[in-house]
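Colleague: build me a model from this:
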Amino acid sequence: MLYISKDLGHLNKLLRYFSYSPGLVKDLMMLPIKRALISTLLNISSISFIYTYILFALKQQDFLTEKSIAKIKILYALWLIIQAILYDPYIYPLIYKLLYPKILTAYAINQFYNIFNNITTIVNVIILLLCVLAFLYHAVKFPKIRLIKYNMIVYFIAYFSIILTYSLLLYWSPTLLIRYSKVADYISYNTLSLRMNERIYPIYPYLIIILLITFLFSTFKYLKIKEKLSISSYEIMHNVNGATVSSRLFCHYMKNELLSISAMIEEIPVDENNIDIINNIKFYQQNLFNRLNCIHESLKSNKMSLSSVPIKKVIDNALESFDFNQYKNIKLKKLYLQDEILAIVDTNYVEQALINIFQNALDSMINNNKDENTLTISVSEKNNHVIIEISDTGVGISEKDMVNIFTPLFSTKPQTKNWGIGLSLAHRVITDCGGKISVKSKEDVGTSFEIQLMGELSK
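Modeller: Numbers count the residues shown, from 1 in each chain. Next up, the predicted model:
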């Protein structure tokens, strides 16, 4: 609008399109600022807008490595710097004088700028569209927790609307807004193209203000949620099918542990030298009591309580359910980062899910013929997500069974030893926490589970 106000032949656009009063138009005309500087500021503002939204979109992604993100930032920054230099009204006359007439004709210079302008316009619009798609991908993947999910939707709408408004009205910027004659040493300025319906322009400033307020409000709400979660004083109550999950967990552990006790009793020899086996029975009985006690607490509410907790502590608590002295040929290897890693989970449910996965891994390694096996547990962080990888060197899973690995009541073991609902419940718990679980396996090599949980948002 400031640029148009300096164009004496097009002042009627300000009056007709933007509904400005003659007094305001006069004030804009009289502002002591050169049109070349306005052109530079317009291009720099457009470049800053594009790059800011690229950075914002990249910040949300978890499918790109940090090196890839750094390369994209550098490459596109260079691309925008080239545009800023070639389109600058102070630099363009210098380029023109350097090239004309010894190297290029005036026609060739104009043709180059026309082609370059078309390329930059198309590339910038495509990049902004990719930013929207990347942000949409992130919003769809975001944990299905109502409070955060609702805010993320509002965030996306504001983000998309601002980019759409920019693309419709200022898609041509940055661009060269001057023409230069070396012979006359004279600079003339191009008229801005306002091709949209003139009814849109009067509401444009107000639309931008509304969108910016919405975006800032969403950002504020998002930061408030992160602040509450970061101090672990705020819990998000997330509805799940509590009756189903709780009752299945109860039945699963009751049956599996009773089967374990039954198997132990069958091994007791008919003599007085049975103290080790009796101790084992006591261990399993105590273990059963502790698990049922946790499940009993969960049964009191049909809700999953998500809070920010140290994930390494949850893993270690799950490991305490196993007596690794019994597994003589199995070595436990923990690959933890030194820094504390927080994840947003329900401690009791996720602990039970991890126990299921650990038990499955141990059973797999007991049944192979290797002299030495390793259960490896690693924890890492990536783009506000916590990654837990649990790998074993067991018998592995056949390709035909992989499709049913999380199917309830499916098991490759005899039903007298396993009821086939451990991994299905683990899958249900992880997904209800807003996470993901995947598995890779190769027969006679081993199996690896990867669990992705929502990390502390303040990071």
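Colleague: isn't residue 57 up against residue 135?
Modeller: Yes. Between residue 57 and residue 135 there is a contact under Cβ atoms under 8 Å: 5.3 Å. (Each C-beta comes from the backbone N, C-alpha and C, glycine too.)
Colleague: low pLDDT regions in the stretch 51-200 of the chain?
Modeller: For the stretch 51-200 of the chain, applying pLDDT under 70 flags the ranges 62, 141-151, 193-200.
Colleague: for stretch 373-384, output the C-alpha coordinates as PDB.
Modeller: The C-alpha coordinates for stretch 373-384 follow below in PDB (Å, rounded to 0.1, in the frame of the first residue of the first chain):
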ATOM      1  CA  ASN A 373      21.700 -64.100  23.600                       C
ATOM      2  CA  THR A 374      21.300 -60.400  24.100                       C
ATOM      3  CA  LEU A 375      18.300 -58.300  25.000                       C
ATOM      4  CA  THR A 376      19.100 -54.700  23.900                       C
ATOM      5  CA  ILE A 377      17.100 -51.700  25.000                       C
ATOM      6  CA  SER A 378      17.900 -48.300  23.600                       C
ATOM      7  CA  VAL A 379      16.300 -44.900  24.300                       C
ATOM      8  CA  SER A 380      16.700 -41.800  22.100                       C
ATOM      9  CA  GLU A 381      15.000 -38.600  21.200                       C
ATOM     10  CA  LYS A 382      13.900 -37.300  17.800                       C
ATOM     11  CA  ASN A 383      11.900 -34.200  17.100                       C
ATOM     12  CA  ASN A 384       9.900 -34.200  20.400                       C
END
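Colleague: where's the closest residue in space to residue 76 that isn't next to it in sequence relative to residue 218, distance?
Modeller: Nearest residue to residue 76, sequence neighbours excluded (Cβ to Cβ, 6 or more residues apart in numbering): residue 54, at 5.9 Å. Taking Cβ to Cβ, to the nearest Å as the measure, residue 54 falls 19 Å from residue 218.
Colleague: circling back: how about the residue nearest to residue 76, phi and psi?
Modeller: Dihedral pair for residue 54: phi -70, psi -50, per degrees, to the nearest 10.
Colleague: moving C-terminal from the helix or strand containing residue 168, which element do we reach first?
Modeller: In the assignment (DSSP states H and E), residue 168 maps to helix 146-169. With elements assigned by DSSP H and E, the helix or strand that comes after helix 146-169 is strand 178-181.
Colleague: what pairs with that following strand, parallel or antiparallel?
Modeller: strand 186-189 (antiparallel) (DSSP bridges).
Colleague: and the strand it pairs with, what's buried?
Modeller: residue 189 (16 or more other Cβ atoms under 10 Å).
Colleague: please state the offset of that strand from the chain centre?
Modeller: Strand 186-189 has its C-alpha centroid displaced from the chain centroid by 48 Å (Cα atoms, centre = their mean, to the nearest Å).
Colleague: contact partners of that strand?
Modeller: 6-7, 35-36, 39, 89, 93, 177-181 (Cβ atoms under 8 Å, 6 or more residues apart in numbering).
Colleague: 7 Å instead?
Modeller: 35, 93, 177-180 (Cβ atoms under 7 Å, 6 or more residues apart in numbering).
Colleague: ok, stretch 109-123 next?
Modeller: 83, 86, 96, 99-100, 171-172, 175-176.
Colleague: off-centre distance for the helix or strand where residue 423 lies?
Modeller: In the assignment (DSSP H and E), residue 423 maps to helix 422-432. Centroid separation for helix 422-432 versus its chain: 21 Å, with Cα atoms, centre = their mean.
Colleague: mind giving me the packing neighbours of the helix or strand following that helix?
Modeller: Sequence order places strand 436-442 as the next helix or strand after helix 422-432, per DSSP H and E. Packing partners of strand 436-442 (3 or more Cβ pairs under 7 Å, 6 or more residues apart in numbering; DSSP states H and E): helix 422-432, strand 446-454.
Colleague: could I get these in TSV, plus columns for mean pLDDT?
Modeller: Shown next, in TSV, are these (pLDDT from 0 to 100):
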stretch	mean pLDDT
helix 422-432	83
strand 446-454	91
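Colleague: quick one, which of the ones you listed is nearest to residue 348?
Modeller: When these are compared by Cβ to Cβ, helix 422-432 sits nearest residue 348, at 9.6 Å.
Colleague: can I get that closest one in PDB, CA atoms only?
Modeller: Taking Å, rounded to 0.1, in the frame of the first residue of the first chain, the C-alpha atoms of helix 422-432 are listed here in PDB:
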ATOM      1  CA  GLY A 422       0.200 -59.700  25.300                       C
ATOM      2  CA  LEU A 423       1.400 -57.900  22.200                       C
ATOM      3  CA  SER A 424      -2.100 -56.900  21.100                       C
ATOM      4  CA  LEU A 425      -2.600 -55.200  24.500                       C
ATOM      5  CA  ALA A 426       0.900 -53.600  24.200                       C
ATOM      6  CA  HIS A 427      -0.100 -52.200  20.800                       C
ATOM      7  CA  ARG A 428      -3.400 -50.900  22.200                       C
ATOM      8  CA  VAL A 429      -1.700 -49.200  25.200                       C
ATOM      9  CA  ILE A 430       1.000 -47.500  23.100                       C
ATOM     10  CA  THR A 431      -1.500 -46.200  20.500                       C
ATOM     11  CA  ASP A 432      -3.900 -44.900  23.200                       C
END
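Colleague: many thanks, have a good one.
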